[in-house]
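Colleague: After the sequence you'll find the predicted model.
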Amino acid sequence: MSAEEQTLTPKPPKKKREFSYDQQKFIWAIIFLLPWLLGFTFLFLFPMIETLRYSFFDLTPKAGEILSEFVGFENYVYAWNTHVTQTSSFRIELLQATSDVLLNLPVLLIFSLFIAVLLNMKFRGRAIVRAIFFVPVILNSAAVATAMGGGEAMQEILSQQGIDKIFDLEYFLLEAGLAEFLITFVVGLIERIYDILALAGVPILLFLASIQSIPKHLYEAAKIEGATAYEQFWLITLPNVSPHIVTVIVYALVDTFLTSPVSTIITDELNRQNWGLSSAMAWIYVGTIMLMLVMIVLLAKGFKIGESHYE
């Protein structure tokens with residue numbers, strides 16, 4: 001072939017690079033996470049590192065400067081062993097918040113999934129019922145707590161009259177001869193009804209969206225095979241909803257800690273300009289949450305919770 005013919009022969013077009021499904025998922029994940037990564041890097045990362053440095057110093061604000069004295073782990077030791085408030089202490093409130101999470105999470109998961117299954121059924125007024133379950137999320141929690149505080153006055157009146165035992169569930173359960181640990185668990189759950197309802201709005205929506213994304217033909221095939229509603233739930237609904245369980249757990253964990261008195265204690269110390277102490281408290285707080293998240297991830301990996309049902 002001559003040089004002239006070679007110049008006239010068109011070159012074959014280059015093949016476009018095709019990405020695998022996993023590579024496409026990774027690329028889109030980075031695209032969606034990019035705004036958060038930029039915000040975290042430029043707005044949050046530096047203050048986070050700075051608070052870690054502050055936690056090892058005793059800081060004294062002066063005009064135009066901040067005097068710092070290195071104290072090592074003294075702020076951490078004081079926060080855990082010595083710090084007290086008028087009614088409690090940092091350690092007690094942190095341990096109480098941790099126990100609340102451990103008690104609330106199983107009940108919240110079961111309750112949210114149960115309500116989501118019910119709300120997915122077709123009945124009149126379904127939209128109104130869905131809105132009702134989301135109301136605690138949008139209401140002002142402080143206003144609701146103040147309004148519900150009127151029940152304490154009623155309880156005091158009943159106690160003075162000696163008839164408060166009429167409404168005392170713990171008293172009746174003790175009289176029924178139930179084990180003390182079981183009574184404590186049941187009464188504790190009942191006392192947390194408002195907290196669970198306040199936390200359940202978003203998990204219900206997540207579970208409901210997950211249930212509605214399940215292909216309808218799976219249920220139709222199950223009905224043809226004679227599967228009951230109970231079998232359809234365990235074999236179709238629950239496996240397809242499981243990828244959202246970890247998301248609900250993380251949401252409930254973070255939200256429970258954010259609304260706990262621990263955050264108020266840290267803010268109070270910050271307002272008193274005890275910056276080193278408040279930074280140490282904040283890192284103990286963050287460390288507790290991170291430890292629980294690691295345990296949740298390990299449990300999820302062990303029981304294969306959160307993996308896609310179609311992969």
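Modeller: Done, it's in.
Colleague: hey, let's count contacts and neighbours off CA atoms from now on
Modeller: Fine.
Colleague: Bridged to Thr60, which residues?
Modeller: Assessed by DSSP bridges, Thr60 has beta-bridge partners Leu67.
Colleague: so Ala222 is in which element?
Modeller: In this structure, Ala222 is located in helix 216-224 according to DSSP states H and E.
Colleague: gap between that helix and the chain center?
Modeller: Averaged C-alpha coordinates place helix 216-224 at 33 Å from its chain's average position (CA atoms, centre = their mean, to the nearest Å).
Colleague: Just the residues contacting the helix or strand following that helix, thanks.
Modeller: On the C-terminal side of helix 216-224, the nearest following helix or strand under DSSP H and E is helix 229-232. Outside helix 229-232, the residues that touch it by CA atoms under 8 Å, 6 or more residues apart in numbering are 219, 222.
Colleague: Give the rounded mean pLDDT of helix 229-232.
Modeller: In this model, helix 229-232 carries a mean pLDDT of 87.
Colleague: What of stretch 115-135?
Modeller: The average pLDDT within stretch 115-135 is 79.
Colleague: Please apply the same query to stretch 63-72.
Modeller: Model confidence over stretch 63-72 averages 82 on the pLDDT scale.
Colleague: Report the separation between the two terminal residues of that stretch.
Modeller: Its start and end residues considered, stretch 63-72 measures 25 Å (CA to CA, to the nearest Å).
Colleague: ok, and what's touching that stretch?
Modeller: Stretch 63-72 is contacted from outside by 56-61, using CA under 8 Å, 6+ apart.
Colleague: What residues of the helix holding Ala222 count as buried?
Modeller: Within helix 216-224, the residues that count as buried by 16 or more other CA atoms under 10 Å are 219, 222.
Colleague: Return it as CSV; C-alpha atoms alone will do.
Modeller: Extracted C-alpha coordinates of helix 216-224, given in CSV (Å, rounded to 0.1, in the frame of the first residue of the first chain):
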residue,chain,number,x,y,z
LYS,A,216,-44.5,-6.1,42.9
HIS,A,217,-44.0,-9.3,40.9
LEU,A,218,-42.2,-10.9,43.8
TYR,A,219,-45.4,-10.6,45.9
GLU,A,220,-47.5,-11.8,43.0
ALA,A,221,-45.3,-14.8,42.4
ALA,A,222,-45.5,-15.6,46.1
LYS,A,223,-49.3,-15.4,46.2
ILE,A,224,-49.5,-17.8,43.2
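Colleague: quick check: mean pLDDT across it?
Modeller: Averaged across helix 216-224, pLDDT comes to 89.
Colleague: With respect to Thr184, which of the contacts of stretch 63-72 is nearest?
Modeller: Compare each of the contacts of stretch 63-72 with Thr184 using CA to CA and the shortest gap goes to Phe56, at 40.3 Å.
Colleague: wouldn't the closest one be in contact with Glu50 here?
Modeller: No. Phe56 sits out of contact with Glu50 when judged by CA atoms under 8 Å, with a separation of 10.5 Å.
Colleague: higher neighbour count, those two?
Modeller: The residue with the greater number of neighbours, taking Phe56 and Glu50 and applying other CA atoms under 10 Å, is Phe56; the counts read 21 against 11.
Colleague: Now that one: closest residue in space that isn't a chain neighbour?
Modeller: Take Phe56 and drop its neighbours on the chain: the residue closest to it by CA to CA, 6 or more residues apart in numbering is Gly72, 4.8 Å away.
Colleague: do you know how far that neighbour is from Trp80?
Modeller: Counting by CA to CA, the gap between Gly72 and Trp80 amounts to 14 Å.
Colleague: Next: Val71.
Modeller: Using CA to CA, one gets 15 Å for the distance from Val71 to Trp80.
Colleague: what does Asp195 give?
Modeller: The span separating Asp195 from Trp80 equals 26 Å under the rule CA to CA.
Colleague: Would you map the helices across the stretch 51-200 of the chain?
Modeller: Counting by DSSP state H, counting those that start in this stretch, one finds helices in the stretch 51-200 of the chain at the ranges 74-77, 90-119, 126-138, 141-148, 150-161, 169-175, 180-191, 193-212.
Colleague: ok so, going back, show me what the helix holding Ala222 is packed against.
Modeller: If you count contacts as 3 or more CA pairs under 8 Å, 6 or more residues apart in numbering; DSSP states H and E, helix 216-224 packs onto no helix or strand.
Colleague: For Ala280, give me the pLDDT.
Modeller: With respect to pLDDT, Ala280 has a value of 90.
Colleague: for the one 5 residues further on, same thing?
Modeller: Listed pLDDT for Tyr285 reads 90.
Colleague: ditto for the one 5 residues further on
Modeller: Among the per-residue scores, Met290 shows a pLDDT of 88.
Colleague: quick one, what contacts Glu269?
Modeller: Applying CA under 8 Å, 6+ apart, one finds that Glu269 lies in contact with 275, 277-278.
Colleague: Closest to Ala131 out of the contacts of stretch 63-72?
Modeller: Comparing every one of the contacts of stretch 63-72 with Ala131 (CA to CA), the shortest separation belongs to Phe56, at 47.5 Å.
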